[in-house]
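Colleague: give me coordinates for this.
(one chain, ligands or ions: 1)
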Amino acid sequence: MASVDADASRVGLEVLRKGGNATDAAVATAAALGVTEPYSAGIGGGGFFVHYSARTGEVETIDGREKAPAAMPHDAFIDPETGEEYPFFPDMVTSGASVGVPGTPLTWDKALRTWGTRSLAQSLRPAARLARKGFVVDETFRQQTVDNAERFAAIDSTAELFLPGGSAPEVGSRFRNPDLAATYDLLGRNGVKAFYRGPLAAEIAATVVQPPKNEDTDLPVPAGWVTTEDLAGYTAPDREPTRSTYRDLDVYGMAPPSSGGTSVGEALNILERYDLAAMSDPQAYHHMLEASAIAFADRGAYLGDADHVEVPVEALLDDTFATERACTLDAESAQPKPVAAEDAYDYDGVCDNASGAGETARDTENLETTNLTVVDRWGDVVEYTLTIEQTGGSGITVPGRGFLLNNELTDFSTTYRADDPNRIEPNKRPRSSMSPTIVLSDGRPVLAVGSPGGSTIITTVLQILVDRLARDRTLPEAMAAPRASQRNAASTGAEPAFIEAYGGPLTELGHGFAATAELGAATAIEIGPGGLLTSTAEPWRRGGGSAMVVRPLD
Ligand code: GLU
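Modeller: Below you'll find the model as predicted:
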């Protein structure tokens, strides 16, 4: 059991200890994260749930991504007063306009019904208890509140809950959320329909359409479009997972509307052609950064909600396509970035295409989601990433209900071009980067990993997989290794320790770096011989995560 937070991991571990399975524990933990990490995830948001069943040997997924309301216009983020896009932060994100129909409650319910052994009521109970009792505010929670204080103050219901007495709660104080506890109780009592229909649904829609804006704020807080019909019509579909191979391993990931599975898979397919284990660290990371840039070029060209646009998933994960994509990867020098996308409808694996210049997409995805990994005694595995997008989501709390609404719709591209696969469209799900990944060997799971981090999720998951699977580091080493993130941009974001360790030789190869304090907040579990579990979380990023096992080895 691994999550970013000790209180939440303990809730999950308790479920496992009492005989619950991985799905039971995952839902209970996620509900607890809605209490202790309310700015990262909760019932006002969405996510992707990936499940391996030991009984059937199958990997299946639930798409709980938020959905644009039916009335959302293509130019939703253009300020009618100026004709220009709202400034991104804090204006655009603090808006009803950015709120998508939440998918998390239905994801929990569906996961429990499909694979769980416990009811929604049972699964929400420990989290409701935690919300009533409260948790001790740590530095991360306080800092996140301080960083968002201006926009939280702009919404009366949010200020009331998260800025008690007008300011961020002190470190060491207890933060209680009885409103959320009551909302969890309501869902437990009346089922998930109490979220998507009835009074709570009506309140959600009313809050989006007319956000409870403080009269003194200078922020515009544009209204959104979510209606009770949008809520009643929401579904969390099963999606066929993406599948690609890395050597003799099968890598299962999240299909569109996430770009996680195709991007991680494509990069691994490219890297599969090199003996990374025989390379020096800088050489291996050079290959990883180049493969990542290529995968991001194709992601920008093709990824969106496959219910609305054609996404060539098979081509992007095809080894012949990867062979052709590897043509531009030069072991001696970095390609000029951005690199161009490849034609996924016309390729033959032959190196004949001149590589043109590509474009770097504007990247506004936020970095604060949450992720959890669970393996149970029967060998079932859950990898689950969930989010409300921005830290604090839209900044809008449903009055009296104790949870924030997401701003996931800002994950749509804002090129406003009709041919952009991730263009804003009504009833569409914005493209995600979430990459919950389960790796199988001979049909048995060996590793599950996922992370928050917006578009850096893809590179964090890729790097952990590369370090563990291709470079033979132990999982704890792979989790601790300093990270870098190349997303088809002129410069590579990297943690200071990465730049210090590898920046010299990589700069000589033509890479440029921009320091970023930390990348990701991953969790991962390895299933070793005899079912021995190595449960891992971040040693220090985001204040350190929390990994546990039911029966530790002495
Ligand atoms: N909205 C992002 C996505 O779907 C996740 C945000 C985050 O990781 O904080 O990829």
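
Colleague: now do stretch 496-504: distance to the chain's middle.
Modeller: Centre-to-centre, stretch 496-504 and its host chain are 26 Å apart (Cα atoms, centre = their mean, to the nearest Å).

Colleague: give the buried residues for that stretch.
Modeller: 498-499, 501-503 (16 or more other Cβ atoms under 10 Å). Glycine gets a C-beta too; all of them are placed from N, C-alpha and C.

Colleague: swap in stretch 1-10?
Modeller: The neighbour-count check on stretch 1-10 (16+ other Cβ under 10 Å) flags 1-10 as buried.

Colleague: looking at those, which is nearest residue 335?
Modeller: Taking Cβ to Cβ as the measure, residue 335 lies nearest residue 4 of the buried residues of stretch 1-10, at 34.6 Å.

Colleague: confirm for me that that closest one is in contact with residue 37.
Modeller: Yes. Shown here, residue 4 and residue 37 form a contact pair, counting by Cβ atoms under 8 Å, at 6.7 Å.

Colleague: so for those two, which residues contact both of them?
Modeller: residue 370 (Cβ atoms under 8 Å, 6 or more residues apart in numbering).

Colleague: for the ligand, what's the nearest residue on the stretch 1-150 of the chain?
Modeller: residue 40 (6.9 Å; Cβ to the nearest ligand atom).

Colleague: surely that residue and residue 372 touch.
Modeller: No. Counting by Cβ under 8 Å, residue 40 does not reach residue 372; the two are 11.3 Å apart.

Colleague: dump the residue contacts of residue 157.
Modeller: 207, 212, 396-400.

Colleague: can you tell me the element the closest residue to residue 420 other than its chain neighbours falls in?
Modeller: Excluding the flanking residues, the one nearest residue 420 by Cβ to Cβ, 6 or more residues apart in numbering is residue 413, at 4.8 Å. For residue 413, there is no enclosing helix or strand under DSSP states H and E.

Colleague: what is the burial count for residue 316?
Modeller: A total of 27 residues lie near residue 316 under the criterion other Cβ atoms under 10 Å.

Colleague: I'd say it and residue 268 touch.
Modeller: No. With contact defined as Cβ under 8 Å, residue 316 and residue 268 do not form a contacting pair (11.7 Å).

Colleague: do you know the pLDDT at the residue in the stretch 251-400 of the chain that the ligand sits nearest to?
Modeller: Closest residue of the stretch 251-400 of the chain to the ligand, Cβ to the nearest ligand atom: residue 369 (3.2 Å). pLDDT for residue 369: 72.

Colleague: mind listing what it touches?
Modeller: 40-41, 47, 385-387, 389, 434, 452-454, 457.

Colleague: circling back to that earlier point, intersection of neighbour lists for residue 40 and residue 372?
Modeller: Common contact partners of residue 40 and residue 372 (Cβ under 8 Å, 6+ apart): 4, 33.

Colleague: phi, psi of residue 78?
Modeller: Torsion angles at residue 78 (phi, psi; degrees, to the nearest 10) stand at phi -90, psi 130.

Colleague: residue 546 too?
Modeller: Note on residue 546: backbone dihedrals following degrees, to the nearest 10 are phi -140, psi 110.

Colleague: from the ligand, how far out is it?
Modeller: Note on residue 546: its distance to the ligand, by Cβ to the nearest ligand atom, to the nearest Å, is 18 Å.

Colleague: you'd agree that residue is up against residue 11?
Modeller: No. Using Cβ under 8 Å, residue 546 is not in contact with residue 11, being 10.8 Å away.

Colleague: which ones are touching the nearest residue to residue 437 once chain neighbours are set aside?
Modeller: Distances taken as Cβ to Cβ, 6+ apart place residue 253 nearest to residue 437, at 4.9 Å, with adjacent residues excluded. By Cβ under 8 Å, 6+ apart, the contact set of residue 253 is 50, 241-244, 260-262, 264-265, 435-437.

Colleague: okay, and the beta partners of residue 253?
Modeller: Listed by DSSP bridges, the beta-bridge partners for residue 253 are residue 242.

Colleague: tell me the confidence at it?
Modeller: As predicted, residue 253 sits at a pLDDT of 98.

Colleague: check contacts around residue 209.
Modeller: Applying Cβ under 8 Å, 6+ apart to residue 209 gives the contacts 96, 223-227.

Colleague: any chance of those in CSV, plus distance to residue 409?
Modeller: Formatted as CSV, the contacts of residue 209 follow (distance: Cβ to Cβ, whole Å):
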residue, distance to residue 409
96, 10
223, 13
224, 8
225, 10
226, 10
227, 15
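
Colleague: which of the residues you listed are buried? Put it as a PyMOL command.
Modeller: The PyMOL selection below is limited to those of the contacts of residue 209 classed as buried (16+ other Cβ under 10 Å):
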select buried, resi 96+224+225+226+227
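
Colleague: from residue 402, how far out is residue 131?
Modeller: For residue 131, the distance to residue 402 equals 7 Å [Cβ to Cβ, to the nearest Å].

Colleague: higher neighbour count, the two?
Modeller: residue 131 (29 against 25).

Colleague: on the three-state scheme, the more buried one is what?
Modeller: helix (DSSP: H, G, I helix; E, B strand; the rest coil).

Colleague: so how far is residue 146 from residue 162?
Modeller: From residue 162 to residue 146 the distance is 11 Å (Cβ to Cβ).

Colleague: ok, residue 343 next?
Modeller: Relative to residue 146, residue 343 is positioned 48 Å away (Cβ to Cβ).

Colleague: go on, residue 539?
Modeller: Shown here: residue 539 relative to residue 146, a distance of 25 Å by Cβ to Cβ.

Colleague: which ones are touching the residue most central in space within the chain?
Modeller: Residue closest to the average C-alpha location in the chain (Cα atoms, centre = their mean): residue 434, at 3.6 Å. Neighbouring residues of residue 434 by Cβ under 8 Å, 6+ apart: 47-48, 254, 258, 260, 369, 385, 387, 450, 457.

Colleague: that one: which element?
Modeller: Residue 434 belongs to no helix or strand, assigned by DSSP H and E.

Colleague: quick check: closest non-adjacent residue to it.
Modeller: residue 385 (4.1 Å).

Colleague: that neighbour contacts residue 47, doesn't it?
Modeller: Yes. Residue 385 is within contact range of residue 47, at 5.4 Å (criterion: Cβ under 8 Å).

Colleague: correct me, but residue 238 touches residue 60?
Modeller: Yes. In terms of Cβ under 8 Å, residue 238 counts as a neighbour of residue 60; the distance is 6.3 Å.

Colleague: near the ligand, which residues of the stretch 451-554 of the chain?
Modeller: 452-454, 457 (Cβ under 6 Å from any ligand atom).

Colleague: if we use 5 Å, what do you get?
Modeller: Residues of the stretch 451-554 of the chain found near the ligand (Cβ under 5 Å from any ligand atom) are 452, 454.

Colleague: what about the helices in the stretch 451-554 of the chain?
Modeller: All helices of the stretch 451-554 of the chain, identified by DSSP state H, counting those that start in this stretch, fall at 456-465, 475-480, 496-508.
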